[in-house]
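Novice: predicted coordinates and the sequence they were generated for:
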Amino acid sequence: TRGGTPPPPVGVPLPPPRAAGSKEHQRKEHQTGTIIRPPDDVRTDAELVTAAFTAFWGAYPRKTAKGEARKVWPRAIKAAEGDLRRIVNGVRRYAADPNLPEAQFIPHPASWLNGERWDDEALPLRPLKPVPLPGHFIDTTEESINQQLARQNGGRPSPW
């Protein structure tokens, strides 16, 4: 990065771009008659795109095929009409969703970008599964339930 400024860490919003050729910058050059070097914290478009990808990658919950994700990144930006924040905020929402599937079912980052998933609604609620105690299993057959009830009744068959 220019001037040794690192990209923003994950969770920090991206700053708006400040162009070196802005009207204020040009006015100062005109008034003083000297060429004013832009400040070091002015980022180029390429630096913003790189910083946004770094933020995306840092937030994405499955770190797989970074090169593929980087390849499709420009297409994702175009699909998002150049709105880098839209993509980064979308991935942060996705990663924080309490209904995120198990890691093996999370799409690869490139697939997520190709699918323009940054605008997706929240994930549907996952059904709760019964959790057996260690060393036990849940058998819901009628015969098994009757046997369990008989054991609880001291060996007598269930009254129903």
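Specialist: Sure thing, it's come through. The model shown is predicted, which means the values in this text are computed figures rather than measured ones.
Novice: pretty sure Phe53 contacts Arg70?
Specialist: Yes: between Phe53 and Arg70 a contact is recorded at 6.4 Å, counting by Cβ atoms under 8 Å. For glycine as for every other residue, the C-beta is placed from the backbone atoms N, C-alpha and C.
Novice: quick one: which of those two has more around it?
Specialist: Between Phe53 and Arg70, counting by other Cβ atoms under 10 Å, Phe53 is the more crowded of the two (23 against 16).
Novice: okay, and that one sits in which element?
Specialist: Taking DSSP states H and E as the definition, one finds Phe53 inside helix 45-59.
Novice: same question, Leu149
Specialist: Counting by DSSP H and E, Leu149 is part of helix 142-152.
Novice: just to revisit the earlier point, after the helix holding Phe53, which helix or strand is next?
Specialist: Beyond helix 45-59 toward the C-terminal end (DSSP H and E), the next one is helix 66-79.
Novice: pull the CA atoms of that following helix into CSV?
Specialist: C-alpha atoms of helix 66-79 as CSV (Å, rounded to 0.1, in the frame of the first residue of the first chain):
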residue,chain,number,x,y,z
LYS,A,66,-8.4,-17.6,-2.2
GLY,A,67,-7.0,-17.4,-5.7
GLU,A,68,-10.3,-18.2,-7.3
ALA,A,69,-12.1,-15.7,-5.1
ARG,A,70,-9.5,-13.0,-6.1
LYS,A,71,-10.2,-13.9,-9.8
VAL,A,72,-13.9,-13.4,-9.6
TRP,A,73,-13.6,-10.3,-7.3
PRO,A,74,-13.6,-7.7,-10.2
ARG,A,75,-16.8,-9.3,-11.6
ALA,A,76,-18.4,-9.2,-8.2
ILE,A,77,-17.6,-5.5,-7.9
LYS,A,78,-19.2,-4.9,-11.3
ALA,A,79,-22.3,-6.8,-10.3
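Novice: quick one: contacts of it?
Specialist: With contacts defined as Cβ atoms under 8 Å, 6 or more residues apart in numbering, helix 66-79 is touched by 49, 52-53, 56-57, 60, 84, 87, 108-110, 113-114, 116, 118.
Novice: done for today, thanks.
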